[in-house]
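> Any chance you could fold what I've pasted below:
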Amino acid sequence: MKLEYYKKGQGTISRMVTWGALTLMALFGAVSLYHADEILPKLGQDGQATWWGKTLFSVPFFENPITHGMLISAAVFILGVFLIYILVINKTSTADFLIETEAELRKVSWPSRHEHIGSTVAVIISVIFIGVFLFFTDNILLQFMKLIGLH
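Residues are numbered from 1 along each chain as shown. Prediction:
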């Protein structure tokens, strides 16, 4: 396990986009864990806070007190981000894949705005044409089925 950045300077954009997306997923998971009232309720039957929602300490100028659940969720998030870095972003095979992906995307000849508009219009016209064709074909076949008594 290496903490140094594997092949520094290569595949930077694809690695950062991947890291950002996976970090957002880890953040969502940590927030969901904190708000998991169905699994670990913050209040017991008598209305008293359980260990999950029990206040540890308060921070000045911060609305919510720091609870066990908040600290555990933060630890899960930090551990998740660390594992994302070690096992995904900096793992040799994954990093090589992301580096190669970015290199291939740099070779792509991206269409101009005019080509995008032309392609979009062609797709819309094709979809309308096929939709109208299928509508009339369906109606003709329905009438034929009614004529021979199968519908």
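
> For the protein, which helix or strand comes out least confident on mean pLDDT?
strand 55-57 (a mean of 78; mean pLDDT, DSSP states H and E).

> for the following helix or strand past that one, packing partners?
Later in the chain than strand 55-57, the nearest helix or strand by DSSP states H and E is strand 66-67. Here strand 66-67 touches strand 55-57, going by 3 or more Cβ pairs under 8 Å, 6 or more residues apart in numbering; DSSP states H and E. Bear in mind the C-beta positions are built from the backbone N, C-alpha and C, glycine included.

> Break the protein into its domains for me.
Domain assignment for the chain by automatic domain parsing gives 1-108, 111-151.

> Over stretch 16-26, what's the mean pLDDT, rounded is fine.
Average pLDDT, stretch 16-26: 93.

> can you give me how far it is from the chain middle?
8 Å (Cα atoms, centre = their mean, to the nearest Å).

> can you redo the domains of the chain as TSV with mean neighbour count?
Shown next, in TSV, are the domains of the chain (neighbours: other Cβ atoms under 10 Å):
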stretch	mean neighbour count
domain 1-108	13
domain 111-151	10
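
> for the chain, what's the longest helix?
Across the chain, the longest stretch assigned as helix under DSSP state H is helix 113-148.

> Centre of the chain to that helix, how far?
Using Cα atoms, centre = their mean, the offset of helix 113-148 from its chain centre is 34 Å.

> Mind giving me the packing neighbours of the strand or helix carrying residue 76?
Counting by DSSP H and E, the element that carries residue 76 is helix 68-83. For helix 68-83, the packing partners by 3+ Cβ pairs under 8 Å, 6+ apart come out as helix 12-34.

> got the angle for the helix it packs on vs helix 68-83?
Between helix 12-34 and helix 68-83, the angle comes out at 160 degrees (axes from the mean of the first three to the mean of the last three Cα atoms, to 10 degrees).
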